[in-house]
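**Student:** Could you work out the structure for the sequence below:
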Amino acid sequence: MLDFRPPVTEDRKWVAPIISHAKRFGCDYSFGDMFIWQHVYNIRIASHDGFLFSINGTDDDNGVKRPTYGFPVGEGNLKEAIELIEEDSAKRGYGLEMFGLNNECVKKVETLFPGKFDFEPLRDSFDYIYLTENLVNLPGKKFHGKRNHIAAFMRENEWSYEPITADNLDECRAMNAEWERRNREKDPEAMDDELDAINISFENYFDLGFVGGLLRANGEVVAFTFGEEMNPEVFCTHIEKAYADVRGAYPMINYMMANRFCKGLEYINREEDMGEENLRKAKKSYHPCFMVEKFSAVYNAGKGQSE
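**Tutor:** Sure thing, here's the model as predicted:
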């Protein structure tokens, strides 16, 4: 069996180069995401023959009854890598299910294992990818509303922007706790999960290589955001929070983030909408240049070439 274990910050030294070289666009393949959500989804990782392997879920009473495996990332024999996780899942007493496959991964799996996997699109997990230049400049009529909200924020507040540092990080933590309190009734369990992930982010912020900033309005922190460079082309925004009653705070922190940290990269991944209608509407309003479509792949040993 593969030697899966929870990720620690030191793993970034070997995981990040593998992910960067693979040039994947999906947020599933960022070390930061794996690390900060590890407690919520019981994420564990393993290394074997130059590949990064990951597994989510557990068979105990607190988690998913059927663990799922991330698509192997690395250079080498992909067929052997997939066969290795099929063997691992069999030893654990489960059929193999992989998650986070993009269209390219689906084609590779179907070529290597013709007809042996059933694929299903995971629309709620599709990532929204934006041209950095669009979020930096907000050009043309389609971004007219965003520019208006930003202008209103600047006009109605004595405002300032700061990068997140050791000196102001606790203020972001406090603002997030207040944000969670105001929005908790919508979905208490989801709020608890997110609060756990964000607190882990702040506790390990600098070791994870995160960068981000905060907005003040009349001295009070009203928004913050942070993320990481996934590869030489893509920046991934992991978390973005703003008080909804402060007009323009959300578009302003988004605008400042793009201008301060993303200009050298072609794309910004603002992750998935999780099936939330309002979040989907908000992400569409920034006009993504494309979506990272994601699929699950369930192994069916009875199918394939013998049929």
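**Student:** pretty sure residue 151 is in a helix, no?
**Tutor:** Yes - per DSSP: H, G, I helix; E, B strand; the rest coil, residue 151 lies within a helix segment.
**Student:** Any idea how many residues pack against it?
**Tutor:** By other Cβ atoms under 10 Å, 13 other residues sit near residue 151. (Glycine included, C-beta is placed from N, CA and C.)
**Student:** how close does it get to residue 143?
**Tutor:** Going from residue 151 to residue 143 by Cβ to Cβ, to the nearest Å gives 12 Å.
**Student:** Ignoring the adjacent residues along the chain, who's closest to the residue most central in space within the chain?
**Tutor:** In the chain, the centroid-proximal residue (Cα atoms, centre = their mean) is residue 27; its distance is 3.6 Å. In this structure, residue 27 finds its nearest non-sequential neighbour in residue 271, 4.7 Å apart by Cβ to Cβ, 6 or more residues apart in numbering.
**Student:** Name the single longest strand found in this protein.
**Tutor:** When every strand of the chain is counted residue by residue (DSSP state E), the longest turns out to be strand 220-231.
**Student:** can you count the residues close to residue 191?
**Tutor:** Count around residue 191 with other Cβ under 10 Å applied: 16.
**Student:** about what we covered before: look up how far residue 196 lies from the residue nearest to residue 27.
**Tutor:** Here residue 271 is placed at a distance of 17 Å from residue 196 (Cβ to Cβ).
**Student:** out of these two, which sits in the busier spot?
**Tutor:** Using other Cβ under 10 Å, the more surrounded residue of residue 271 and residue 196 is residue 271, with 24 against 15.
**Student:** Confirm that the more buried one lies within a strand, as I assumed.
**Tutor:** No - with three-state DSSP as the criterion, residue 271 is located in coil rather than a strand.
**Student:** ok, it - contacts?
**Tutor:** Residue 271 is in contact with 27, 127, 128, 236, 237, 238, counting by Cβ atoms under 8 Å, 6 or more residues apart in numbering.
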